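Engineer: A predicted structure for the sequence below; I have some questions about it.
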Number of protein chains: 2
Amino acid sequence: MIEPPAVAVIFFSIRRCAEDDGYEEMPEKMLALAEKAEGYLGIHSVRDPVTGQGITVSYWSDEASASSFKQLETHVAAQLNGRKSWYSRYEVMVATLERSYEFTNQAL
Amino acid sequence: MIEPPAVAVIFFSIRRCAEDDGYEEMPEKMLALAEKAEGYLGIHSVRDPVTGQGITVSYWSDEASASSFKQLETHVAAQLNGRKSWYSRYEVMVATLERSYEFTNQAL
């Protein structure tokens, strides 16, 4: 679980119904890039293949780390492909984490 | 798109592989409840039926609205079912929205 202080970057996207557009390898590449980046704290990422909707929340130690990741060359290239080919729409919300809590079913 | 000022409640959850546990109607019921609640601004919600992972981000005008929604009787009952039956794990992150932007492919 991610705890403050942290910045959450919420990325909501809708995939186009395109095939073979180079999207498939992207999430793994971006994750590898993020994991090496300064200030990276973690990620939650889910996509529903049926609706094409996805949410990725990445967590960073501060705004500067989140902004640096946005400007990495490989990430900028992915953003261009995102606008050109992969997404019909996306929204980005940048937020400061205030508090967090978690639950794990210990009976399982 | 949601713009500041707003509070984002990020709910990441992992479903148990249970069947017929009353979960199916819950998302719709909670959405209807939220839409009637004071300070509700919007929602992004995605679940991958294969992995069982889901992210729901609900947006509120302030912390008080988000807290009030958490305490509604119907929502409290859902939380109990969530811990008892629906989820093996969940995490909740409460964050203050700082900025947001969006992209729509106009060519489509």
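Structural biologist: Cool, got the structure.

Engineer: which element is the residue of chain A found nearest chain B on?
Structural biologist: Chain A approaches chain B most closely through residue A:95 (3.6 Å), counting by C-beta to the nearest C-beta. No exception for glycine: its C-beta is placed from N, CA and C like everyone else's. Under DSSP states H and E, the secondary-structure element containing residue A:95 is strand A:87-104.

Engineer: list the buried ones in that strand?
Structural biologist: Residues of strand A:87-104 classed as buried: A:87-97, A:100, A:103 (neighbour count, 16 or more other C-beta atoms under 10 Å in any protein chain shown).

Engineer: circling back to that earlier point, the residue of chain A closest to chain B against residue B:94, yeah?
Structural biologist: No: with the criterion set as C-beta atoms under 8 Å, residue A:95 and residue B:94 do not qualify as a contacting pair; they are 9.2 Å apart.

Engineer: in chain A, which ranges drop under the pLDDT threshold?
Structural biologist: The model of chain A has pLDDT under 70 over residues A:18, A:20.

Engineer: Beta-bridge partners for residue A:8, please?
Structural biologist: Applying DSSP bridges to residue A:8 yields these beta-bridge partners: residue A:59, residue A:95.

Engineer: Give me the neighbour count for it.
Structural biologist: 28 (other C-beta atoms under 10 Å in any protein chain shown).

Engineer: give the contact list for it.
Structural biologist: Taking C-beta atoms under 8 Å, 6 or more residues apart in numbering or on different chains as the criterion, residue A:8 is in contact with A:2, A:57-60, A:94-97, B:8, B:10, B:93, B:95.

Engineer: Would you convert those into JSON lines that also reports distance to residue A:48?
Structural biologist: Putting these into JSON lines (distance: C-beta to C-beta, whole Å) gives the following:
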{"residue": "A:2", "distance to residue A:48": "23"}
{"residue": "A:57", "distance to residue A:48": "15"}
{"residue": "A:58", "distance to residue A:48": "19"}
{"residue": "A:59", "distance to residue A:48": "22"}
{"residue": "A:60", "distance to residue A:48": "25"}
{"residue": "A:94", "distance to residue A:48": "23"}
{"residue": "A:95", "distance to residue A:48": "22"}
{"residue": "A:96", "distance to residue A:48": "28"}
{"residue": "A:97", "distance to residue A:48": "25"}
{"residue": "B:8", "distance to residue A:48": "20"}
{"residue": "B:10", "distance to residue A:48": "17"}
{"residue": "B:93", "distance to residue A:48": "21"}
{"residue": "B:95", "distance to residue A:48": "23"}
